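[1] This is a predicted model, with the sequence first.
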Amino acid sequence: MKLTKKRKQVLDKLEKDKVYTIQEAASLVKEVSTTKFDASVDLHIRLGIDPRKPDQALRGTVTLPHGTGKSKTVIVLCSPDKEEEATAAGADYVGLDEYVQKIQGGWTDFDVVIATPNVMSKVGRLGRILGPRGLMPNPKTGTITMNVGEAVGEVKKGKISFRVDKFGIIHSSVGRVSFSPEKIAGNASEVLRTIAKMKPASAKGIYFKSIYMASTMGLGVPVDVKSIKGV
């Protein structure tokens, strides 16, 4: 495949076999982004773990200090006594039976589902729809809770969830191309520090095998894990 002039210019910005500091990567990912829209900036983290083992199937949450750059649509499935709290916190949709029925019909116009424990018998029926989309409420991600107001507030402020895939890789958004390099690096560092603290005791050898930062449809910039404080 013949390289376009623009593609060649982008490739020339990356030095062969060089691994960049988190700050350098945050600057470069902006330079090598070729989209006309405000693309997402993501981390792709390959870990030295075996996701088939229950204690190594990592899943968690992290609050990005500089937010996600995207407003998330939140639905709260709860009993009537929690509806006012959820609405006051900024939830976009609040209720139960009406929304359970809509979701069973295929409606999924939301980014995060929060549910109270006392309605999980009804929410559990939505597993086949929400599960494959990564939207099923889970206590490990703080999305099954009685403190719905707090949970909604955290999501709106930049709380995201992540989980390792079957290949041992975690894909996590850390902002948008329009963010400053400092904000991208700050968010990325927070994600990596959180994952570092979650290292399973049974995981042997190198934990962070590789880290790449990339924008949507952009080139991946290799990141040096040693450049991140606290990792």
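    Happy to help now that I have it.

[2] now the strands: where do they sit in this protein?
    40-47, 59-63, 74-77, 93-95, 112-115, 159-163, 169-176, 208-215, 221-222 (DSSP state E).

[3] In contact with the nearest residue to D42 once chain neighbours are set aside, which residues are there?
    Spatial nearest neighbour of D42, chain neighbours left out: S173 (5.3 Å); criterion: C-beta to C-beta, 6 or more residues apart in numbering. In short, each C-beta sits where N, CA and C put it, glycine included. By C-beta atoms under 8 Å, 6 or more residues apart in numbering, the residues touching S173 are 40-42, 68, 160.

[4] Can you tell me which of the strands of the chain is most buried?
    When these are scored by mean count of other C-beta atoms under 10 Å, the highest mean neighbour count falls to strand 74-77 (a mean of 26).

[5] which other helices and strands contact it?
    The helices and strands touching strand 74-77, judged by 3 or more C-beta pairs under 8 Å, 6 or more residues apart in numbering; DSSP states H and E, are strand 93-95, helix 97-104, strand 112-115, helix 148-157.

[6] ok, now how distant is the residue most central in space within the chain from G124?
    For the chain, the residue nearest the mean C-alpha position is S172 (3.9 Å; C-alpha atoms, centre = their mean). Taking C-beta to C-beta, to the nearest Å as the measure, S172 falls 27 Å from G124.

[7] got a list of contacts for stretch 72-81?
    Here stretch 72-81 has contacts from 82-83, 86, 90-96, 99-100, 109-116, 118-119, 122-123, 137, 148, 152, 155-156, using C-beta under 8 Å, 6+ apart.

[8] Widest-spaced pair of the contacts of S173?
    V41 and I160 (12.7 Å; C-beta to C-beta).

[9] give the contact list for V100.
    So V100 contacts 77, 122-123, 125-126 (C-beta under 8 Å, 6+ apart).

[10] let's see it at 6 Å
    K122 (C-beta atoms under 6 Å, 6 or more residues apart in numbering).

[11] gap between it and K199?
    38 Å.

[12] Check T141 too.
    19 Å.
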